[in-house]
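Q: Kindly return the folded structure for what I paste below:
(chains A and B)
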Amino acid sequence: SQTIHQWPATLVQPVGSPLSLECTVEGTSNPNLYWYRQAAGRGLQLLFYSVGIGQISSEVPQNLSASRPQDRQFILSSKKLLLSDSGFYLCAWREGLSAGELFFGEGSRLTVL
Amino acid sequence: DQQVKQNSPSLSVQEGRISILNCDYTNSMFDYFLWYKKYPAEGPTFLISISSIKDKNEDGRFTVFLNKSAKHLSLHIVPSQPGDSAVYFCAASPQGGSEKLVFGKGTKLTVNP
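A: Okay, here's the model as predicted:
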């Protein structure tokens, strides 16, 4: 069966520090991978998605970047965090070329102080 | 531009009664719709979906209704249980499948014992 894991679960970082959130998927090949952010009153906002290794699409201009160095690994990064980067970050996957549902990871709570 | 709208940020119902969560969309290209349930500090979990060729889909206590002409869908939970208390997100996907799901802002459902 397929599983998705993301870490760390919680993170408290000072403004200006770097960020790295990692997500891996097991039990499937060539999934579509996604990073979402849930901020207060904003619902689930799509940040990045990837349909293959090295292929990243950005949905909103921001202080963050994403990379997909391996088929089932998706990384969310920042060189210098802003206060506005605080939120709950969710990694998700979906079968490639499918209109089906997304499967989400457990989430990572980022607090920037 | 909010393509999927959940206009009620919260809803409170008594245990055993019906919960009705509403969702409106603006993009006529959407043809696949999903509902997700989210508990605090966890990733959303898939609940039920419906494609545009149907107007109703039922799974146990959960039924989703789609009114394409009104660009409206609703989720009915009957009977409501305290464990149903969570945030419910409506999501939509364009025709032919897509890399992206567009989410609403969510409705927080509270079921009182």
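Q: Each with direction, which strands does the lowest-mean-pLDDT helix or strand in chain B pair with?
A: Lowest on mean pLDDT, DSSP states H and E among the helices and strands of chain B sits strand B:102-103, with a mean of 88. Partners of strand B:102-103 in the sheet, by DSSP bridges, are strand B:86-94 (antiparallel).
Q: Which residues does the partner strand contact?
A: Here strand B:86-94 makes contact (Cβ atoms under 8 Å, 6 or more residues apart in numbering or on different chains) with A:43-44, A:99, A:102, B:3-4, B:6, B:21, B:23, B:25, B:27, B:29-39, B:44, B:47, B:73, B:75, B:100-104, B:106-109. (C-beta placed from N, C-alpha, C; glycine too.)
Q: Quick check: next helix or strand after the least confident helix or strand of chain B?
A: strand B:107-112 (DSSP states H and E).
Q: Remind me what that next one packs against, helices and strands.
A: strand B:10-14, strand B:19-25, strand B:86-94 (3 or more Cβ pairs under 8 Å, 6 or more residues apart in numbering or on different chains; DSSP states H and E).
Q: show me the contacts for A:Ser86.
A: A:39, A:110-112.
Q: The residue nearest the centre of chain A and B:Ser74: what is the separation?
A: Chain A has A:Trp35 as the residue nearest its centroid, 2.9 Å off, counting by Cα atoms, centre = their mean. Distance of A:Trp35 to B:Ser74, computed by Cβ to Cβ, to the nearest Å: 29 Å.
Q: swap in B:Ser12?
A: 17 Å.
Q: Can you pull out the low-pLDDT segments for chain B?
A: B:1, B:95-99 (pLDDT under 70).
Q: Please repeat the previous calculation with a cut-off of 80.
A: B:1-2, B:94-100 (pLDDT under 80).
Q: how about the residues of it that lie near chain A?
A: B:6, B:32, B:34, B:36, B:41-46, B:49, B:89, B:91, B:93, B:96-106 (Cβ under 8 Å from any Cβ of the partner chain).
Q: Go again with 7 Å.
A: Residues of chain B found near chain A (Cβ under 7 Å from any Cβ of the partner chain) are B:32, B:34, B:41-44, B:46, B:49, B:89, B:93, B:97, B:99-101, B:103-106.
Q: Now a PyMOL select for only the buried ones of these.
A: The following PyMOL line selects those of the residues of chain B next to chain A that are buried, judged by 16 or more other Cβ atoms under 10 Å in any protein chain shown:
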select buried, chain B and resi 32+34+43+44+49+89+93+99+100+101+103+104+105+106
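Q: re the thing from before, kindly compare burial across the helices and strands packed on strand B:107-112 and name the winner.
A: The highest mean neighbour count among the helices and strands packed on strand B:107-112, using mean count of other Cβ atoms under 10 Å in any protein chain shown, belongs to strand B:86-94: a mean of 23.
Q: Check the offset of that one from the chain's centre.
A: Distance, stretch centre to chain centre, for strand B:86-94: 5 Å (Cα atoms, centre = their mean, to the nearest Å).
Q: Can you pull the poorly scored residue ranges out of chain A?
A: Using pLDDT under 80, the flagged stretches of chain A are A:39-42, A:60-62, A:96-100.
Q: ranges for the strands of it?
A: Using DSSP state E, the strands of chain A run over A:3-7, A:10-13, A:19-26, A:32-39, A:43-52, A:55-58, A:65-70, A:73-78, A:87-94, A:103-104, A:108-112.
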